[in-house]
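Engineer: Have a look at this prediction, sequence included:
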Amino acid sequence: AKSSKVQKSGKKTKVKDPNEPKRPLNAYHLFMRDARAKLAKENPKLSKNEVRLEITAIWKGNGENERKPYEDEAEETLKKYKTELDAYRRVSV
């Protein structure tokens, strides 16, 4: 049973179940997670936005070989998420 909550603006929003599995990160976000700390450490004067733009440029310049580990990890986490979500939906229905 999903309930809704009314905001000040009068719009209804769904109340999210804390037990529902969270969506997995995609390949780009997995890469960003790994690259952010390294890039920020190498260039401490860069703002968060500049770090993000630099990481995006690196990702776009990466070939298939550099992206493959992140794409494989994203695929594995997506499969795990789908099985967890199916189990969650069977229990919560």
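Structural biologist: Here it is on my side, so go on. In this text the structure is predicted, and so the values were computed from the model without any measurement.

Engineer: hang on, residue 27 packs against residue 67?
Structural biologist: Yes - in terms of C-beta atoms under 8 Å, residue 27 counts as a neighbour of residue 67; the distance is 6.4 Å. The C-beta positions use only the backbone N, C-alpha and C, and glycine is treated the same way.

Engineer: More neighbours: those two, which one.
Structural biologist: residue 27 (18 against 15; other C-beta atoms under 10 Å).

Engineer: Distance of residue 92 relative to residue 80?
Structural biologist: According to C-beta to C-beta, to the nearest Å, residue 92 and residue 80 sit 18 Å apart.

Engineer: and residue 58, what does it touch?
Structural biologist: Applying C-beta atoms under 8 Å, 6 or more residues apart in numbering to residue 58 gives the contacts residue 35.

Engineer: wait, doesn't residue 43 sit right on residue 37?
Structural biologist: No - look at residue 43 against residue 37 with C-beta under 8 Å: they stay out of range, at 11.6 Å.

Engineer: which residues in the chain form helices?
Structural biologist: 27-42, 48-61, 64-92 (DSSP state H).

Engineer: Show me what the last one is packed up against.
Structural biologist: Using 3 or more C-beta pairs under 8 Å, 6 or more residues apart in numbering; DSSP states H and E as the contact criterion, the secondary-structure elements in contact with helix 64-92 are helix 27-42.

Engineer: Give me the residues contacting the helix it packs on.
Structural biologist: With C-beta under 8 Å, 6+ apart, helix 27-42 has contacts from 25, 46, 51-52, 54-55, 58-59, 62, 67, 70-71, 73-74.
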